[in-house]
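Q: Sharing a model prediction with you, sequence too.
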Amino acid sequence: MLAFSEHRRSPPDVHQIRPGMGASHRQVRQLEERCRKSGLKMTDLRRVLLHGILEAGADATAVEIWKALLAMMKTHAPSQGSIQRNLNLLVERDVLHRAVGPDRVWRYRVTPERMETSSAITFVNAATGRNIPFSSPEIAALLHRAAAEYGLAIRSAAITVAPESDEQGA
């Protein structure tokens, strides 16, 4: 007799989520759309996983997401290996953010949605108060990444500047 069954479990399906459990359908649809935009194919496993991620909440570990799925599913939850592989894909595609806490455990949260247009960056002249529009996709991307590290999204940014001559004279 084999130690492990040769029969594979059927893939999870969103219809196997117990009634009244699971995340908001609106939130799941928004995440599905972000996955599609990032080039990920939406499989049944990923749809179920999105429910688990949202249900487990921000800063959940892979095990906490798996436990949330166990509680939600009528039949079986996806394996921890399948969950981890898909979490890695979601992090690579910038749908999720992964942070390592002081306990050296990976924690996941949904990455704030990036604005389609670059941020409005403005230099404010300290001497005159004049606003000077500044356009730099590289700086805007850097600001977006820095804000995402704290779970925030950039709407606009103003940087107060002074003429070089004022800095040298002081």
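A: Looks like it came in fine. Numbering: from 1, shown residues only.

Q: Quick check: can you list the domain ranges of the chain?
A: 14-110, 120-169 (automatic domain parsing).

Q: tell me the most buried of those?
A: domain 14-110 (a mean of 16; mean count of other CB atoms under 10 Å). In short, each C-beta sits where N, CA and C put it, glycine included.

Q: Show me what the mean pLDDT comes to for that domain.
A: For domain 14-110, the mean per-residue pLDDT is 89.

Q: show me the contacts for the closest residue in space to Trp106 that isn't next to it in sequence.
A: Using CB to CB, 6 or more residues apart in numbering and skipping the chain neighbours, the partner closest in space to Trp106 is Arg98 (5.3 Å). For Arg98, the contact set (CB atoms under 8 Å, 6 or more residues apart in numbering) comprises 87, 91, 106-108.

Q: Now secondary structure and distance to Arg145 too, for those, in TSV please.
A: Listed next are these as TSV, based on DSSP: H, G, I helix; E, B strand; the rest coil; distance: CB to CB, whole Å:
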residue	secondary structure	distance to Arg145
Leu87	helix	20
Val91	helix	14
Trp106	strand	19
Arg107	strand	18
Tyr108	strand	17
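
Q: Thanks again, I'm all set now.
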